[in-house]
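In: Pasted the sequence and its predicted model underneath.
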Amino acid sequence: MKFYVSIAFLDTPEIIEIAKAADELGYDGVGIPDHVINLETLQTPYPYTKDGQRRWQPFTDWPDPWVLVGALAQVTTRLKFVNTVYIPAMRNPYSAAKAIGTAAVLAAGRVELGIGVGWCREEFELMGEQFAARGKRTDEMIALMRELWSPGWTEFDGQFYQAPRLEMQPTPPPIPVYVGGLSDIALDRAARYDGWIGDFIKTEDAIERIGRLRQLRAQNGLSMHDFTILTPLTDAYTKDHYRRAEDGGITGIITMPWMFYAGPKASLAEKIEGMRRFRDDLALDG
């Protein structure tokens, strides 16, 4: 079982110290969320809360994930970086491919690209991208970016994107792609890639979705070998809980360890101490 520390909603300067501590304490990675802007009012309901309200307060930090990875890679040696999640369809595919590829080079292959199709229509419109057909565009963008990340010349002729013969440098190490989301459509998409990222979910519900992923993979002649499943769990906090999750097929947990000890208003020192206690109390071996 792997353990990733979520850096969602943290002040940006804290993130550097949290990542350094996670690296030193033996955590496997950090989870990096993504929004470009936060609009004061929205017509689009947030899909991951019962009342449709956002989980964060105005003026919460949302640092650019690829600038952040480039910085964190220089102060860590083994920590991996996964998006929770990045929205490709809200971006230009060439700019996105360049930023992701450069970060992967600077991180020496420690980038794991977690993607979603996005939920906020207003943010898409502000970025100048269509909200409609964003799922199809996401799939095509991943195909295009994988071509751009390959060595040598490449061409691309898709429904939404066309590329003449070109090359993009630097060429990054392999970048696995994980798909986030809880819906059936998200699971269908995840089964075609390298992994699935869940949201806050009970262990039983996560294991149920893993069963669905197993079926979908089998239908496409794919096994679950090397298929990554990362998720936060709402009902796991003991060693036995995590063993059950691992037995059910979950390969990694995304967590904020300090929440178990000092709560959401923890200072930086309390956050790092909470990370240390979490490792010690559960004797987690990764």
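Out: Now that the structure is in, tell me what you want to look at.
In: quick one, strands of this protein?
Out: Ranges of strands within the chain are 2-6, 29-32, 80-83, 111-115, 154-157, 162-166, 177-180, 195-197, 228-231, 252-255, based on DSSP state E.
In: Mind putting those into a markdown table with mean pLDDT and distance to residue 63?
Out: In this view, the C-beta of every residue, glycine as well, is placed from N, C-alpha and C. Shown next, in a markdown table, are these (pLDDT from 0 to 100; distance: least, C-beta to C-beta, whole Å):
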| stretch | mean pLDDT | distance to residue 63 |
| --- | --- | --- |
| strand 2-6 | 97 | 14 |
| strand 29-32 | 98 | 8 |
| strand 80-83 | 98 | 12 |
| strand 111-115 | 98 | 16 |
| strand 154-157 | 97 | 30 |
| strand 162-166 | 97 | 29 |
| strand 177-180 | 98 | 19 |
| strand 195-197 | 98 | 19 |
| strand 228-231 | 98 | 20 |
| strand 252-255 | 98 | 18 |
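In: For residue 108, the count of nearby residues, please.
Out: Neighbourhood size, residue 108 [other C-beta atoms under 10 Å]: 12.
In: Looking at this protein, which helix is longest?
Out: Ordering each helix of the chain by length in residues (DSSP state H) puts helix 203-219 first.
In: Tell me the buried residues in that one?
Out: The neighbour-count check on helix 203-219 (16 or more other C-beta atoms under 10 Å) flags 203, 206, 207, 209, 210, 213, 214, 216, 217 as buried.
In: nearest to residue 232, of those?
Out: Of all those, residue 232 sits closest to residue 206, with 9.4 Å by C-beta to C-beta.
In: What distance do you get for the closest one to residue 34?
Out: 22 Å (C-beta to C-beta, to the nearest Å).
In: Let me know the closest of the buried residues of helix 203-219 to residue 44.
Out: residue 209 (24.1 Å).
In: Report the contact partners of the closest residue to that closest one other than its chain neighbours.
Out: Nearest residue to residue 209 in three dimensions, chain neighbours excluded: residue 187, at 6.1 Å (C-beta to C-beta, 6 or more residues apart in numbering). Listed by C-beta atoms under 8 Å, 6 or more residues apart in numbering, the contact set of residue 187 reads 181, 196, 209, 212, 213, 216.
In: quick one: buried residues of stretch 240-249?
Out: In stretch 240-249, counting by 16+ other C-beta under 10 Å, buried: 242, 244, 245, 249.
In: Of the strands of the chain, which is nearest residue 67?
Out: For the strands of the chain, the distance to residue 67 is smallest for strand 29-32, at 10.7 Å, taking C-beta to C-beta.
In: And that closest one, what does it pack against?
Out: Where contact means 3 or more C-beta pairs under 8 Å, 6 or more residues apart in numbering; DSSP states H and E, strand 29-32 is packed against strand 2-6, helix 12-25, helix 65-73, strand 80-83.
In: Please work out which of these is packed deepest.
Out: Ranked by average neighbour count under the criterion mean count of other C-beta atoms under 10 Å, those are headed by strand 80-83 at a mean of 25.
In: In its sheet, which strands sit next to it, and in what direction?
Out: Strands adjacent to strand 80-83 in the sheet, as given by DSSP bridges, are strand 29-32 (parallel), strand 111-115 (parallel).
In: Could you give the separation of it from the chain centroid?
Out: Computed by C-alpha atoms, centre = their mean, to the nearest Å, the chain-centroid distance of strand 80-83 equals 6 Å.
In: low pLDDT regions in the protein?
Out: Residues of the chain meeting the criterion pLDDT under 70: 283-286.
In: again, only this time at 50
Out: By pLDDT under 50, the weakly predicted segments of the chain are 285-286.
In: where do the helices sit along the stretch 51-200 of the chain?
Out: Taking DSSP state H, counting those that start in this stretch to define them, one finds helices in the stretch 51-200 of the chain at 65-73, 93-106, 121-126, 134-148, 184-190.
In: rewinding a little: outside of the longest helix of the chain itself, list whatever touches it.
Out: With C-beta under 8 Å, 6+ apart as the contact definition, helix 203-219 has outside contacts at 182, 184, 187-188, 190-191, 196, 198, 201, 223-224, 227, 229, 231, 233, 235-236, 241, 244-245, 248-250.
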